[in-house]
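Visitor: build the 3D model from these lines:
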Amino acid sequence: MKLTRRDFLKISSAATAGLALGGCTTMGFNMQPVQEQAWRLRTQDAKETPTICCYCAVGCGILCHTDKRTGKVIYTEGDADHPINRGALCAKGAATYQVAQNDKRMTKVLYRAPYSTQWEEKSWDWALRQIAKRVKDSRDKSFTRKNAKGQVVNRCDGIASVGSAALDNEECWIYQAMLRAMGLVYIEHQARI
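Guide: Model (predicted):
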């Protein structure tokens, strides 16, 4: 019997179809539908929060999945609904999970006093009070109420700000309002630089 290529394809197709439709379990295939999956997505019960990538001025959207019980980040992915990146992320953006979940990440405030060679651990309350105190001291020292002509200017020349492009419009507005309320005139933003 001479077997042509066409005959071989007919026979092998018929055999494959017969095995598939026959529910062949003897060869290790089970074509029955899966009733219950043994695995679950780790993000199935997670809270999904949209955010913005913290690395550059592009402002790509990221979905951050957090455990509802512990509040810990369990997964991050590109936001497919975001108009800038449409779900795609660069290597840095794709690795943002490691920013939150990294055993080498600093979690305590380290302070080195002027002229000291040693770092000291401080509390967050102490650090925030020190920052506020030093900003207020600097503002008070460099605040100008009136210029040389006697005109009221109410400005602070001793502090400048370069804002972060990772902030959204609402955060930028609040940040700008705070800076202008303090009298700052040297205000720049990373997205413009």
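
Visitor: domain-wise, how is this structure divided?
Guide: 47-100, 109-189 (automatic domain parsing).

Visitor: tell me where the chain has helices.
Guide: 5-21, 91-94, 97-100, 124-142, 169-181 (DSSP state H).

Visitor: possible to save those helices as JSON lines with distance to residue 84 and mean pLDDT?
Guide: C-beta here means a position set from N, CA and C on the backbone, and glycine is covered the same way. Output for those, formatted as JSON lines (distance: least, C-beta to C-beta, whole Å; pLDDT from 0 to 100):
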{"stretch": "helix 5-21", "distance to residue 84": "45", "mean pLDDT": "80"}
{"stretch": "helix 91-94", "distance to residue 84": "11", "mean pLDDT": "86"}
{"stretch": "helix 97-100", "distance to residue 84": "19", "mean pLDDT": "81"}
{"stretch": "helix 124-142", "distance to residue 84": "32", "mean pLDDT": "94"}
{"stretch": "helix 169-181", "distance to residue 84": "13", "mean pLDDT": "88"}
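
Visitor: now distance to residue 189 and mean neighbour count too, for these, in a markdown table please.
Guide: Listed next are the helices of the chain as a markdown table, based on distance: least, C-beta to C-beta, whole Å; neighbours: other C-beta atoms under 10 Å:
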| stretch | distance to residue 189 | mean neighbour count |
| --- | --- | --- |
| helix 5-21 | 62 | 10 |
| helix 91-94 | 21 | 14 |
| helix 97-100 | 23 | 14 |
| helix 124-142 | 19 | 11 |
| helix 169-181 | 7 | 12 |
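
Visitor: pipe those into CSV and attach distance to residue 55 per row.
Guide: Shown next, in CSV, are the helices of the chain (distance: least, C-beta to C-beta, whole Å):
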stretch, distance to residue 55
helix 5-21, 49
helix 91-94, 5
helix 97-100, 9
helix 124-142, 24
helix 169-181, 16
